[in-house]
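Peer 1: Just to be clear, the model below is a prediction. Sequence and coordinates:
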Amino acid sequence: MPLEHHPLTREFPEYRQKLQTLHASDPHFAQMTQNYEALDKRIYEVEDGRQALDDLALQALKNERVTLKDQIAERLRKANGAV
């Protein structure tokens with residue numbers, strides 16, 4: 001199975017513009033997206049064999065990424081007028 005990054009622009013293509021707007025105007029949102037991107041990069045490097053990490057720790061990182069993604073999605077929906 002090929003390894004893939006999960007950038008927010010690919011995860012939320014319909015919110016591409018809103019991602020940029022919120023990133024520029026909302027420091028908390030910007031921090032969440034930066035944390036997400038850092039987690040995604042670290043997970044990719046572990047799966048690619050460039051960083052060593054046991055399976056349990058890797059799963060914890062993936063769970064953290066999912067949680068952040070859910071929080072980002074919720075913020076995007078609210079900013080877009082949906083609930």
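Peer 2: Structure's in. What do you need? Residues are numbered from 1 along each chain as shown.

Peer 1: Look up how far Gly49 lies from the residue nearest to the spatial centre of the chain.
Peer 2: The centre of the chain sits closest to Tyr36, judged by C-alpha atoms, centre = their mean, with a distance of 3.4 Å. To Gly49, Tyr36 is 22 Å away according to C-beta to C-beta, to the nearest Å. Using the backbone N, CA and C atoms, a C-beta is placed for each residue, glycine as well.

Peer 1: Mind listing what's buried along the lengthiest helix in the chain?
Peer 2: Across the chain, the longest stretch assigned as helix under DSSP state H is helix 55-79. Of the residues in helix 55-79, Lys62, Arg65, Leu68, Lys69, Ile72, Arg75, Leu76, Ala79 count as buried by neighbour count, 16 or more other C-beta atoms under 10 Å.

Peer 1: Pick the one among those residues closest to Leu22.
Peer 2: Taking C-beta to C-beta as the measure, Ala79 is the one of the buried residues of helix 55-79 closest to Leu22, at 5.8 Å.

Peer 1: Would you agree the closest one is in contact with Leu19?
Peer 2: No. Using C-beta atoms under 8 Å, Ala79 is not in contact with Leu19, being 9.6 Å away.

Peer 1: For Arg50, which three-state class applies?
Peer 2: Under DSSP: H, G, I helix; E, B strand; the rest coil, the three-state class of Arg50 is coil.
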